[in-house]
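need a structure here:
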Amino acid sequence: MRVFLVRTLLRLLARASLPALHATGRLIGTCLWLIPNRLRTVTEINLALCYPDKDAAWRNALGRASLIETGKSICELAALWRWPVARIDSLVVECQGWEHIEQAQQQQHGLILLTPHCGCWELLGVYVPQRMPMTAMYRPPRDPGFEPLLREIRERAGARLVPTTTHGIRALYKALGAGESIILLPDQEPRKGAGVFAPFFGTQAYTMVLSSRLARKTEAAIVILCMERLPRGRGYRLHVRPLDTAIRDADPVTAATAANHSVEQTIDINPAQYMWNYKRFRRKPQGQDRRYHR
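Numbers count the residues shown, from 1 in each chain. Modelled structure (predicted):
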């Protein structure tokens, strides 16, 4: 029943234009900032940790803008999940740095795409597979009834989904070995034992080591992407940047630090479009106080 309701809601919302969806998202985001709730609380905690040198007024302005962008990201899913692939692809009106991907493809060792929770990362699952084979890891939903819908939505543009399991990791190695691309979320907290603590905006964050291991063992090229959301529903601008070579370092902390630094630089493109309401610092080094109340 819930899957049916979600499908129906998406179908109804998808009739709206992108500017209308983003305007609705702005209203939702404004309410999220004005009404006390968990997303606002987490946002305030994260901004205080990451920007301790900024005053409260500056952080509040960024927090409000961030939740407005979160509202837009929720509403735009109707378009990204229901519109025809060609129509979605046309939403990307500008691309900066695609030459880094072209150079990487010439090496024929595969390509690792890192996309943090910044901008419209969901759009990359449509845009990239139109231009190259792409394998993406995903966490199966808690409700198994939603998995067919999730796979239908995210594979319809040609992406291949693999679970966050040993089998999925083997599939990533196989894809890179075939000279294909894979996509990972570098700022998603990994499971216990699959990461190391490294600084993120000056605060220790539990960070994945998978991307650095893949890059080191396969010699694959590695870049970071951000699909920036343009004002008033005008579309999106893709940013592609190379990563610091230290991400291939054999020391996992050095590699993770380099990855986090690249994520920080990507966030600086448009800080309001980072998902500051994600509990990035939930896992903490031993002996430190809990950062979130629950």
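
do you know how far Ala78 is from Ala23?
13 Å (Cβ to Cβ, to the nearest Å). Yep, even glycine has a C-beta here, placed from its N, CA and C like the rest.

how about stretch 86-93, which residues are buried there?
Ile88, Asp89, Leu91, Val92 (16 or more other Cβ atoms under 10 Å).

and if you look at stretch 228-241?
Those would be Glu228, Arg229, Leu230, Gly233, Gly235, Tyr236, Arg237, Leu238, His239, Val240, Arg241, for stretch 228-241 by 16+ other Cβ under 10 Å.

what about the helices in this structure?
Assigned by DSSP state H, the helices in the chain fall at 2-13, 18-34, 38-50, 56-75, 77-82, 85-89, 98-107, 121-127, 147-155, 166-177, 210-218, 252-267.

distance of Asp289 from His261?
25 Å.

could I get the buried residues of stretch 86-93 as CSV with distance to Phe281 and pLDDT?
As requested, the buried residues of stretch 86-93 are exported to CSV (distance: Cβ to Cβ, whole Å; pLDDT from 0 to 100):
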residue, distance to Phe281, pLDDT
Ile88, 33, 96
Asp89, 35, 96
Leu91, 33, 97
Val92, 32, 98
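
just to revisit the earlier point, what is the nearest of the buried residues of stretch 228-241 to Leu9?
Gly233 (19.6 Å; Cβ to Cβ).

and that closest one, what does it touch?
Ser17, Leu18, Pro19, Ala20, Leu21, His22, Ala23 (Cβ atoms under 8 Å, 6 or more residues apart in numbering).

okay, now the last one: neighbour count?
Residues within reach of Ala23, counting by other Cβ atoms under 10 Å, total 16.

which one is it nearest to, not counting chain neighbours?
Of all residues not flanking Ala23 in the chain, Gly233 sits nearest, at 7.4 Å (Cβ to Cβ, 6 or more residues apart in numbering).

ok, the third one next?
When the adjacent residues along the chain are set aside, Pro19 lies closest to Gly233, with 3.1 Å between them (Cβ to Cβ, 6+ apart).

so what pLDDT did that neighbour get?
On the pLDDT scale, Gly233 is placed at 95.

and it, how far from Arg82?
Counting by Cβ to Cβ - Gly233 and Arg82 are separated by 16 Å.

which stretches of the stretch 151-294 of the chain have low pLDDT?
287, 294 (pLDDT under 70).

break down it into its strands, ranges please.
Under the criterion DSSP state E, counting those that start in this stretch, strands of the stretch 151-294 of the chain are mapped to 160-163, 181-184, 195-200, 203-208, 221-229, 236-242.

export those to TSV and tack on distance to Ile101?
TSV is the format used below for the strands of the stretch 151-294 of the chain (distance: least, Cβ to Cβ, whole Å):
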stretch	distance to Ile101
strand 160-163	18
strand 181-184	8
strand 195-200	25
strand 203-208	22
strand 221-229	6
strand 236-242	6
